[in-house]
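A.B. asks: Here's my sequence, what's the structure:
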Amino acid sequence: MEEKYVIWHIQGGLGKNIAATALTKDIKKQYLDRKFILVCSYPNIFLNDPNIDRVYSLNNRPYFYENYIENKDVIIFQHEPYHQTGHIKKQNHLIESWCELLSIEYKNQLPTLSLNYAQSKLPLSWIREKPILLLQTTGGPTQPTLNPPSVSSNPYSWTRDLPIEIAQLIVNKYSHEYHIIQISKHDGYGLEGVERMSQPLSNMELFSLLLASKKRILIDSALQHASVALGLPSIVFWIGTSPKLFGYDLHKNIVAKLPKRANQLINSSIFDYNFDHNTEECPYLNLDEMFDMRKLNNELDTTENFIKLHKQL
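C.D. replies: This is a model prediction of the structure:
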């Protein structure tokens, strides 16, 4: 009997790929009579997923058309959830937008990550004298690209990165209790009193650092998706993006104040903010317009009880 296939094509960043893991079980259940073929940007995220029959990289698919498409009984999903009305209008979570495209019921599905035996031992390499607080200050790749853009690199992107004053406040607040490891882009800003981790790390090494940490303070990035997938409640700061679209209730989400903007969005079209090299569109004139610094210390204390409560559940 000739085999039948369902192919799901995912492109985009690491966080988007991790979010997609929430739906592999539903896709397999919906197409039990078909082999599930996944094409994605980060294949290693899915290698241990029992629902998937074959995983291919976007950049490496030899004989793919001949093997899976030409004269085959195949269903192909190659959609962009970011272009859904619910996403553009900031109404639906990313995973809900995918559910619409895949004709799957949205049930607040959460990402999942499965580590094999060797990967489960990686956290042993992060043992320190004090418990680890993982502090992510900037997002994006932790290493330079092979072909850097002609525009000069900016060590701080206001739409997602943690303001340096808040990051240093966190370090000063917790350094007596924790060994603080800062996750940053290679050109991100540095902090005093931390172990800075800006050199290239594999995805699984990053995930193992999450598992090794006692406390996590993150930004909207792949790490907050991975933390949910590993069942690790964290503190997540949000500035130019929204937890309604990308976040999870497992986390304590600290959201920036709504800006009093005038006509800063001169370059916006379908989406409001461009994430890269858009310092001119920052709608905040100072840090107090972004976060109430007088209340932030108390809010960080409140999250301690939030994290402890989740661990008891």
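A.B. asks: Nearest the geometric middle of the chain, what residue?
C.D. replies: A222 (2.1 Å; Cα atoms, centre = their mean).
A.B. asks: how near is that residue to R160?
C.D. replies: 11 Å (Cβ to Cβ, to the nearest Å). All C-beta atoms are positioned from the backbone trio N, CA, C, and that covers glycine.
A.B. asks: what touches both of the two?
C.D. replies: Residues touching both A222 and R160 (Cβ atoms under 8 Å, 6 or more residues apart in numbering): G139.
A.B. asks: pLDDT on stretch 51-62, on average?
C.D. replies: For stretch 51-62, the mean pLDDT works out to 95.
A.B. asks: List the buried residues of it.
C.D. replies: In terms of neighbour count (16 or more other Cβ atoms under 10 Å), stretch 51-62 has its buried residues at 51-52, 54-56.
A.B. asks: ditto for stretch 214-229
C.D. replies: Those buried within stretch 214-229 under the rule 16+ other Cβ under 10 Å are 215-229.
A.B. asks: Which residue ranges of this protein form helices?
C.D. replies: In the chain, the helices defined using DSSP state H lie at 14-20, 24-30, 64, 85-88, 94-102, 117-120, 164-174, 203-212, 222-229, 243-246, 287-290, 293-312.
A.B. asks: wait, which of the buried residues of stretch 51-62 is closest to L191?
C.D. replies: V55 (37.3 Å; Cβ to Cβ).
A.B. asks: Provide a list of residues in contact with the closest one.
C.D. replies: 38, 40, 43, 46-47, 49.
A.B. asks: Any of the residues you listed buried? List them.
C.D. replies: Using 16+ other Cβ under 10 Å as the threshold, 38, 40, 43, 46, 49 are the buried ones among these.
A.B. asks: can you list these in TSV and add distance to G188?
C.D. replies: Shown next, in TSV, are these (distance: Cβ to Cβ, whole Å):
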residue	distance to G188
L38	32
C40	27
P43	27
F46	28
D49	31
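A.B. asks: List just the nearest of these to N17.
C.D. replies: Closest approach to N17 among the buried ones among the contacts of V55 (Cβ to Cβ): C40, at 5.6 Å.
A.B. asks: The closest one: what's it in contact with?
C.D. replies: 9-11, 17, 20, 46, 55-58.
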